[in-house]
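Enquirer: how would this look folded up:
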Amino acid sequence: MRLGAIEAGGTKFVCAVSDENLTIIERIAIPTTTPKETMKAVYTFFDKYQVEAIGIGSFGPIDVNPLSETYGNITSTPKPGWQNFPFLTEMKKRYAIPFVWTTDVNAAAYGELKNGAARQKRSCMYLTVGTGIGAGIVVNEKIIQGFSHPEAGHVLIRRHSKDDYEGNCPFHKDCLEGMASGPAIEKRFKKPSKELSKEHPAWSLEAYYLAQALVGYTLTLSPEIIILGGGVMKQTQLFSMIQEEFKKLLNHYVETPPVEAYIVPCELGDNAGIVGCLLLAKDKLNS
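Expert: Numbering: from 1, shown residues only. Sure, this is the predicted structure:
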């Protein structure tokens with residue numbers, strides 16, 4: 001059995017082929033330039049193998065509604081040239097095999113559920129905090145998506161009383177992504193987040209905003225575990241700060257698992273999306 005995976009990001013496409021045990025046979029990274037150039041490189045990679053199914057986790061927004069005329073498209077992305085690109089349709093033209101089509105963060109959430117921090121659980125939420133903020137949600141081992149997919153990075157939050165930054169989101173200004181993404185930190189403090197010291201006041205502000213969102217997710221979704229990944233979360237001092245702020249904001253209203261076991265780092269790191277895509281491809285064949 002040969003399984004294929006594409007983690008399609010706005011900066012790069014990661015493509016991989018594995019055996020049925022998810023042992024990687026080959027993996028490459030392709031710069032995300034124009035659809036024509038990028039897809040040509042994708043085809044060159046997969047043409048070498050007889051894969052039986054491919055799982056795709058794509059940057060978005062994407063159309064995940066099978067009843068829609070534009071199902072399988074990347075839709076209103078700000079990435080130049082990729083708006084309304086029929087990604088899944090183009091792949092199906094090239095390869096007459098089963099596909100799974102979802103978001104990159106949904107794939108990462110599924111990878112963490114099956115092989116990462118949420119092993120032996122049936123539900124989880126995965127939040128990536130980096131260039132943007134995105135979330136994948138798995139309930140009863142099924143990825144949550146319907147008419148569309150979760151865009152939990154754009155939930156509205158309360159502004160900190162000492163924060164006068166207008167927000168970085170072109171759609172909502174001061175939503176979660178607008179206030180807590182990597183670019184928001186850099187524009188507010190005039191330095192990339194990785195250059196800020198661990199004692200910098202940026203981190204208490206970051207914890208305040210992320211904890212607010214996690215309280216909202218807890219009250220609406222009640223996942224068994226919330227997993228945080230992405231470039232900003234490589235600042236590991238954030239975890240204890242978020243956990244403390246979460247406890248303060250939730251204020252014992254509902255029960256959760258112990259916070260240190262409830263709000264946790266991703267185990268699979270930068271491999272979460274590819275692992276999730278391979279698992280989804282394997283599930284597709286087995287079903």
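
Enquirer: Tell me the secondary structure at the residue nearest to residue 271 when sequence neighbours are not counted.
Expert: Spatial nearest neighbour of residue 271, chain neighbours left out: residue 111 (7.5 Å); criterion: Cβ to Cβ, 6 or more residues apart in numbering. Glycine gets a C-beta too; all of them are placed from N, C-alpha and C. Assigned by DSSP: H, G, I helix; E, B strand; the rest coil, the conformation of residue 111 is helix.

Enquirer: Quick check, residue 111 in contact with residue 269.
Expert: No: counting by Cβ atoms under 8 Å, residue 111 sits too far from residue 269 to count as a contact (10.4 Å).

Enquirer: between those two, which one's more packed in?
Expert: Set residue 111 next to residue 269 and count neighbours by other Cβ atoms under 10 Å: residue 111 wins out with 33 against 11.

Enquirer: list the contacts for the more buried one?
Expert: Residue 111 makes contact with 268, 271-277, 279 under the criterion Cβ atoms under 8 Å, 6 or more residues apart in numbering.

Enquirer: State the pLDDT value of the residue nearest to residue 271.
Expert: In this model, residue 111 is scored at 98, pLDDT.

Enquirer: Check the one 3 residues further on too.
Expert: Per-residue confidence (pLDDT) for residue 114: 98.

Enquirer: Then residue 60?
Expert: For residue 60, the predicted pLDDT is 88.

Enquirer: what does residue 131 give?
Expert: 88.

Enquirer: what about residue 82, neighbour count?
Expert: By other Cβ under 10 Å, 20 other residues sit near residue 82.

Enquirer: ok, the residue lying closest to it once chain neighbours are set aside to residue 54 distance?
Expert: Nearest non-adjacent residue to residue 82, counting by Cβ to Cβ, 6+ apart: residue 74, 5.2 Å away. Distance, residue 74 to residue 54, by Cβ to Cβ, to the nearest Å: 16 Å.

Enquirer: Please, where are all the helices along the stretch 51-200 of the chain?
Expert: Here the stretch 51-200 of the chain has its helices, by DSSP state H, counting those that start in this stretch, at 87-94, 104-115, 176-180, 182-189.

Enquirer: Would you check that residue 9 makes contact with residue 32?
Expert: Yes: between residue 9 and residue 32 there is a contact under Cβ under 8 Å: 6.4 Å.

Enquirer: follow-up on the earlier one: more crowded one of residue 74 and residue 54?
Expert: Comparing residue 74 with residue 54 by other Cβ under 10 Å, the one with more neighbours is residue 54, at 29 against 22.

Enquirer: which residues touch that one?
Expert: 3-6, 46, 91, 95, 97-100, 277, 281.

Enquirer: Please apply the same query to residue 77.
Expert: Contacts for residue 77 (Cβ under 8 Å, 6+ apart) come out as 10, 59-61, 83.

Enquirer: if I look at the residue nearest the centre of the chain, how far off is residue 149?
Expert: Compute the mean C-alpha point of the chain, and by Cα atoms, centre = their mean the closest residue is residue 105, 2.2 Å away. Look at residue 105 and residue 149: by Cβ to Cβ, they are 9 Å apart.
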